[in-house]
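1. turn this into a model:
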Amino acid sequence: MRIGLAGGGTDVSPYCDLFGGAILNATVSLYAYANIQPATDRKIVLKAVDREEALSFDLAKQLPLDGKLDLLKGVYNRIAEDYGFPDTGFSLHTFVDAPAGSGLGTSSTLVVAIVGAFAEMLKLPMGEYDIAHYAYTIEREYLRLAGGRQDQYAATFGGVNYMEFYENDKVIVNPLRIKPEYLRELENNLVLFFTATSRESATIIKEQQKNVKEKNDSSIEAMHQLKEQSRMMKEALLRGRLDEVGEILDFGFRQKRKMAANISNSRIEEIYDAAKKAGATGGKISGAGGGGFMSFYCPGNTRYDVIETLHSFGGEVKQYNFTKYGLTTWSV
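-> Residues are numbered from 1 along each chain as shown. Purely as a prediction, here's the structure:
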């Protein structure tokens, strides 16, 4: 999964098609897992272990999309349709380290993991860009789930990346060569907090898309500013100007609230204000907003006071490390 650091929302159509988008994100040690085991009978077994949901079907070329484990079924349906599938059953087990709606790209990361597992099983000739784009088309076009593009590419490529998004689904992933000491300081100072609430990101994203289509000047200008924020963050990290990170995050927090009505709410504002009073210099809402994870930049030794303050709101401070690698697959 990934933490978005700047530019969030500018990867969503139609904004990126009209103006171009830019996002800076980093993958962290929270994962989505997909394990496929061929079966000797003609059964398809799907099991989301973390959700305690399981389904079983007779072998078929297409599985019904009815709201139950549709991410798993959707990937299988597209793979079977586009590449064919052996005349054999299988069991697919999945597990995700964070709840759906948490703002870390959980759904898209899971789709990437499943695509990767099937590609490994069937020996499909798919590179990183192929897998990320294929996962995007399954989630956004085939399953018609609203959202952007960064999550699929972050999960596939891994590491710290500055991503550019253009019309006609053109995406450029630029890996950033950040000095290890800068990255360790960022990791030490960036506190990840789960608000103990999940949210339906599609509603927020649809409003954001509506604002662009209807040429809402305030919303569009906020997205322009968030795109600029991603460039500011890139320069700060590459040059080691970490004292600017909190201010850049705070700038983005103020802009993001203008994109759609439900991105922030009274609870989020209360948590954010309390974290800043405790020593954080800035922060952000992960993903589309409305709940899920928040992150706060806490310079020096302020992280301890901030964490103590966050504990008073319930929820959970999540430990993590930045990771270099994205999708990893193997077969035995």
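2. what sits closest to residue 28 if chain neighbours are left out?
-> residue 320 (4.3 Å; Cβ to Cβ, 6 or more residues apart in numbering). For the C-beta atoms, the positions are set from N, CA and C on the backbone; glycine is no exception.
3. that neighbour and residue 121, how far apart?
-> As judged by Cβ to Cβ, to the nearest Å, residue 320 and residue 121 stand 30 Å apart.
4. any idea what residue 35 is bridged to?
-> Legend: beta-bridge partners of residue 35 under DSSP bridges are residue 93.
5. and this structure, what are its domains?
-> Domain assignment for the chain by automatic domain parsing gives 32-173, 180-318.
6. ok, the closest residue to residue 88 other than its chain neighbours - contacts?
-> With sequence-adjacent residues excluded and distances taken as Cβ to Cβ, 6+ apart, residue 88 is closest to residue 38, at 5.9 Å. Counting by Cβ atoms under 8 Å, 6 or more residues apart in numbering, residue 38 makes contact with 88, 89, 90, 121.
7. a markdown table for the domains of the chain, including mean pLDDT and distance to residue 10?
-> Formatted as a markdown table, the domains of the chain follow (pLDDT from 0 to 100; distance: least, Cβ to Cβ, whole Å):
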| stretch | mean pLDDT | distance to residue 10 |
| --- | --- | --- |
| domain 32-173 | 95 | 7 |
| domain 180-318 | 89 | 5 |
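8. quick one: which of the ones you listed is nearest residue 8?
-> Across the domains of the chain, residue 8 has its closest neighbour in domain 180-318 (6.5 Å, Cβ to Cβ).
9. mind checking the end-to-end distance for that closest one?
-> Start-to-end span of domain 180-318 (Cα to Cα, to the nearest Å) is 22 Å.
10. residue 168: helix or strand, and which one exactly?
-> Counting by DSSP states H and E, no helix or strand carries residue 168.
11. tell me how far it lies from residue 43.
-> For residue 168, the distance to residue 43 (Cβ to Cβ) stands at 41 Å.
12. okay, the two: which has more neighbours?
-> Comparing residue 168 with residue 43 by other Cβ atoms under 10 Å, the one with more neighbours is residue 43, at 14 against 5.
13. list the contacts for the more buried one?
-> By Cβ under 8 Å, 6+ apart, the contact set of residue 43 is 56, 57, 58, 59, 89.
14. same check, this time on residue 297
-> Contacts for residue 297 (Cβ under 8 Å, 6+ apart) come out as 189, 190, 191, 245, 246, 249, 280, 281, 282, 283.
15. what about 6 Å?
-> Contacts for residue 297 (Cβ atoms under 6 Å, 6 or more residues apart in numbering) come out as 189, 190, 245, 246, 249, 281, 282.
16. next one: residue 24
-> Residue 24 sits in contact with 5, 6, 7, 162, 230, 233, 234, where contact means Cβ under 6 Å, 6+ apart.
17. so which of those are in helices?
-> Among the contacts of residue 24, the members falling in helices (DSSP state H) are 230, 233, 234.
18. could you dump these to CSV with neighbour count?
-> Shown next, in CSV, are the ones in helices among the contacts of residue 24 (neighbours: other Cβ atoms under 10 Å):
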residue, neighbour count
230, 25
233, 25
234, 22
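19. residue 165 is in contact with residue 11, isn't it?
-> Yes. Checked against Cβ atoms under 6 Å, the pair residue 165 and residue 11 is within contact range at 4.7 Å.
20. who touches both of the two?
-> Joint contacts of residue 165 and residue 11 (Cβ under 6 Å, 6+ apart) are 21, 149.
21. any idea which of the domains of the chain gets closest to residue 328?
-> Nearest of the domains of the chain to residue 328, taken as Cβ to Cβ: domain 32-173 at 8.0 Å.
22. ok now that closest one, how far from the chain's centre?
-> Once both centres are worked out by Cα atoms, centre = their mean, to the nearest Å, domain 32-173 turns out to sit 14 Å from its chain's centre.
23. quick check, residue 13 in a strand?
-> No. Under DSSP: H, G, I helix; E, B strand; the rest coil, residue 13 sits outside any strand and is assigned coil.
24. pLDDT score assigned to it?
-> pLDDT recorded at residue 13 is 91.
25. contact partners of stretch 114-134?
-> In contact with stretch 114-134 (Cβ under 6 Å, 6+ apart) are residues 34, 36, 75, 79, 135, 152, 153, 156, 157, 327, 329, 331.
26. list the contacts for the second one?
-> Right, the one you point to is residue 36. Contacts for residue 36 (Cβ under 6 Å, 6+ apart) come out as 90, 92, 117, 121.
27. now do the buried residues in whichever helix or strand residue 247 is part of.
-> Residue 247 is part of helix 245-256, with elements assigned from DSSP H and E. By neighbour count on 16 or more other Cβ atoms under 10 Å, the buried set for helix 245-256 is 245, 246, 248, 249, 250, 251, 252, 253, 255, 256.
28. closest to residue 267 among the residues you listed?
-> Each of those was scored against residue 267 by Cβ to Cβ, and residue 253 proved nearest at 14.6 Å.
29. for the closest residue to residue 104 other than its chain neighbours, grab the count of nearby residues.
-> Leaving aside its sequence neighbours, residue 104 sits nearest to residue 1 (Cβ to Cβ, 6+ apart; 4.1 Å). Applying other Cβ under 10 Å, we find 27 residues neighbouring residue 1.
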